[in-house]
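*Asks:* Sequence and computational prediction follow.
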Amino acid sequence: MEFQITDGRIFSLDENQEVLAETTYVYMANGEVDIDHTFVSPVLRGQGAAGKMMEVVAKQLREKGLKATATCSYANAWLLKNKEQYEDIISKDL
């Protein structure tokens with residue numbers, strides 16, 4: 001799966017340009033981002049697509065030198081589960 005990256009959105013489309021997976025985040029006043037939404041198409045659920053997408057999100061945040069919190073329950077749980085590996089991008093407010 002190939003992911004496209006725009007400011008505030010990381011996503012993957014199928015051959016019909018339908019969204020297969022998507023994460024969005026918004027910039028907050030403190031300079032951090034809030035990961036506010038994740039979506040994985042039902043055809044991909046249970047195949048690790050959301051985790052792969054979050055790895056792309058984490059890499060992008062790391063490259064930009066950003067820290068993140070997450071109001072999206074999946075993203076929040078993923079960040080906490082992977083806290084040791086991605087501690088440099090996780091907000092102290094998570």
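*Replies:* Nice, I can see it.
*Asks:* What does the pLDDT read for residue 93?
*Replies:* As predicted, residue 93 sits at a pLDDT of 86.
*Asks:* Quick one: the helices in the protein, in order.
*Replies:* 49-64, 73-81 (DSSP state H).
*Asks:* show me the contacts for the nearest residue to residue 14 once chain neighbours are set aside.
*Replies:* Leaving aside its chain neighbours, residue 14 sits nearest to residue 20 (5.3 Å; criterion: Cβ to Cβ, 6 or more residues apart in numbering). Every C-beta, even on glycine, is put in place using the N, C-alpha and C of the backbone. By Cβ atoms under 8 Å, 6 or more residues apart in numbering, the residues touching residue 20 are 1, 11, 12, 13, 14, 40, 41, 43, 44, 49.
*Asks:* same thing but 7 Å
*Replies:* Residue 20 makes contacts with 1, 12, 13, 14, 41, 44, as judged by Cβ atoms under 7 Å, 6 or more residues apart in numbering.
*Asks:* cool, residue 57 as well?
*Replies:* So residue 57 contacts 10, 23, 35 (Cβ under 7 Å, 6+ apart).
*Asks:* Switch the residues you listed over to JSON lines; also include distance to residue 63.
*Replies:* Formatted as JSON lines, the contacts of residue 57 follow (distance: Cβ to Cβ, whole Å):
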{"residue": "10", "distance to residue 63": "12"}
{"residue": "23", "distance to residue 63": "15"}
{"residue": "35", "distance to residue 63": "16"}
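*Asks:* I'd like to know which of the residues you listed is nearest to residue 77.
*Replies:* residue 35 (11.2 Å; Cβ to Cβ).
*Asks:* I'd assumed residue 23 was in contact with that closest one.
*Replies:* Yes - taking contacts as Cβ atoms under 7 Å, residue 35 lies within contact range of residue 23: 6.3 Å.
*Asks:* and for these two, which residues touch both?
*Replies:* Common neighbours of residue 35 and residue 23 (Cβ under 7 Å, 6+ apart) are 57, 75.
*Asks:* Looking at the contacts of residue 20, which are in strands?
*Replies:* Cross-referencing the contacts of residue 20 against strands under DSSP state E gives 12, 13.
*Asks:* Spatially, which two of the contacts of residue 20 are the most separated?
*Replies:* The widest separation within the contacts of residue 20 (Cβ to Cβ) is 12.2 Å, between 13 and 44.
*Asks:* All set, thanks.
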